[in-house]
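Got a predicted structure here, sequence first:
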Amino acid sequence: MTQRMIFTLLVMDSIGHNFHGSWRHPAARNREFKGFDMWVDLARKAEQAKVDAFFFTDVMGVQGEYNGKRDIVFEMAMNVPIGDCTMLIPALAQQTRDLGFLYTSSVISHHPFVFARAASTLDNLSNGRIGWNIVTSANEKAFRNLGLPGNLSHDERYVWAQEYVDVTYKLWEGSWDVDAIVDDPASGVYADPSKVHDINHKGARYSVEGFNLMEPSPQRTPVLAQAGGSPAGLAFAGKHAELMFLSAYSLETIAAQVGAVREQARTNGRRDGDILFLQGMMFVIGSTDEEAYRKWGELEEWRSPEAQTAYFSSLSGMDLGRYDPGTPLENILDEIPGIQGAFLAVINAWPDGSKPTIKDFLTSLSLPQMVVGSPETIAGRLLEYQGAGVNGVQVMNALLPNSYAEFFEHLVPVLQDKGIMQKEYQPGTLRQKLFGSGPDISERHPAHGYRGMFC
């Protein structure tokens, strides 16, 4: 029996994200990112199509270099300029009723006390439709922009993240009892003071005395998402994630990564269904497979090879343009300060036991994201992904919003007819819509354990 998959639109409050150079295309509206109109129109159409959520990515530093220069970053608008999506989300939430909004916030971006209040505010404003993508940041420029010490190992970054989420969990789940809000004008009591508690957190990085300044939101803790292919990232996801974004390269590596995270989840007392797995895909749709491949070829003419190299370099925290393209990836793996998951995925999936090179990485990394063909072909491919353990898709774009317009018009009806995509929203919060459960985080999740801790 076909199970419905989750569909989110992977967006960034910027001109470009993954397909660098496409903003020059005559049909692209990417340069309109600074205003409301394009975003509001896209949100309304996404809700009409019954898309589950927008997912906003973010960066805190200019990413990427090409042969020692960052000129290409600005020339091709490579994730810069970039706005603050948390200022855009309330406007989109006000214009929609069911569409969810997941957004990225790094542990280096805000103090957890400040972030907890902001997330609670957004969740209240949207009536419970907010999710948080927890990232540790591998971008050394972001650390320097914020005056923070960088050069942290993967494990050190996740130790930091562990304390960060502990603080937010205490604020969201523990500082206000479930019945703390009385809201009784007759008695003159809005909140019962005996049911609001200081958390008095004292840790290696943070000391937080008080309580969340915003009252509990419909979900209390927003839906929690995480991505990361390193062992530390997979372990963190197994403990904390409700949504896991995959960086797998093939169906086999997807199945292995899903299995590894589920094993970690079970170790932490969670169940397989507590985590949903989403794979990033860029759909190129044609009335026939042949037409779709022609469209893909035309799109690729707008992609900047230099910008794409710089972007992939930014994932590693290294200027890959300075290396001999024939260098095996495994030779530089220990030098990579940034995101290792994408590199490991290519190494593990490379055929015939051969050793992929930097050139192989640069020319092939985007290929697994491209799902090209007629709606029927793409639907069949999605069922293959589902069989490997994928629960949903992060739908990426080459042209904004054109890629999504084609998705809504041509692919969504076929997916809905086949039961792969929902035809109607479930009632309630984002968590209720995704999991069919209550609005609160699962009692098996570590955040839930902070309820009642400070009474």
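Yep, that arrived. Residues are numbered from 1 along each chain as shown.

quick one: low-confidence parts of the protein?
1, 63, 313-319, 321, 334-343, 345, 349, 351-353, 362-366 (pLDDT under 70).

Tell me where it has strands.
All strands of the chain, identified by DSSP state E, fall at 6-12, 53-57, 100-106, 130-135, 181-184, 189-191, 201-202, 207-208, 223-227, 243-246, 276-285, 370-373, 392-396.

which residues touch Gly203?
163, 166-167 (Cβ atoms under 8 Å, 6 or more residues apart in numbering). Yep, even glycine has a C-beta here, placed from its N, CA and C like the rest.

can you do 7 Å?
Glu163 (Cβ atoms under 7 Å, 6 or more residues apart in numbering).

Tell me the bridge partners for Gly280.
For Gly280, the beta-bridge partners under DSSP bridges are Gln394.

Phe113 is in contact with Val208, isn't it?
Yes. Phe113 lies in contact with Val208 (Cβ atoms under 7 Å); the separation is 5.2 Å.

bridging residues for the most centrally placed residue in the chain?
The centre of the chain sits closest to Asn133, judged by Cα atoms, centre = their mean, with a distance of 5.2 Å. In this entry, Asn133 is beta-bridged to Thr104, Ala225, by DSSP bridges.

re earlier: closest one to Ala447 among the strands of the chain?
Among the strands of the chain, strand 223-227 comes nearest to Ala447, with 7.8 Å by Cβ to Cβ.

Residues in contact with that closest one: which ones?
102, 131-134, 236-237, 240-245, 247, 430-431, 434.

run the last query once more with 6 Å
With contact meaning Cβ atoms under 6 Å, 6 or more residues apart in numbering, strand 223-227 is reached by 102, 131-134, 237, 240-243, 245, 430-431.

Next: stretch 233-244.
For stretch 233-244, the surrounding residues in contact (Cβ under 6 Å, 6+ apart) are 158, 223-226, 260-261, 264-265, 268, 275-277.

Filter these down to the buried ones, PyMOL style.
Filtering the contacts of stretch 233-244 down to the buried ones (16 or more other Cβ atoms under 10 Å) takes a single PyMOL command:
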select buried, resi 158+223+224+225+226+260+261+264+265+275+276+277
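
Just put the contacts of stretch 233-244 in TSV and tack on distance to Gly64.
Putting those into TSV (distance: Cβ to Cβ, whole Å) gives the following:
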residue	distance to Gly64
Tyr158	24
Val223	30
Leu224	28
Ala225	24
Gln226	23
Ala260	29
Val261	28
Gln264	31
Ala265	34
Asn268	35
Ile275	31
Leu276	31
Phe277	28
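
Go through the contacts of stretch 233-244 and name the one nearest Gln95.
Nearest member of the contacts of stretch 233-244 to Gln95, counting by Cβ to Cβ, is Val223, at 20.4 Å.

What's the separation between that closest one and Gly83?
For Val223, the distance to Gly83 (Cβ to Cβ, to the nearest Å) stands at 23 Å.
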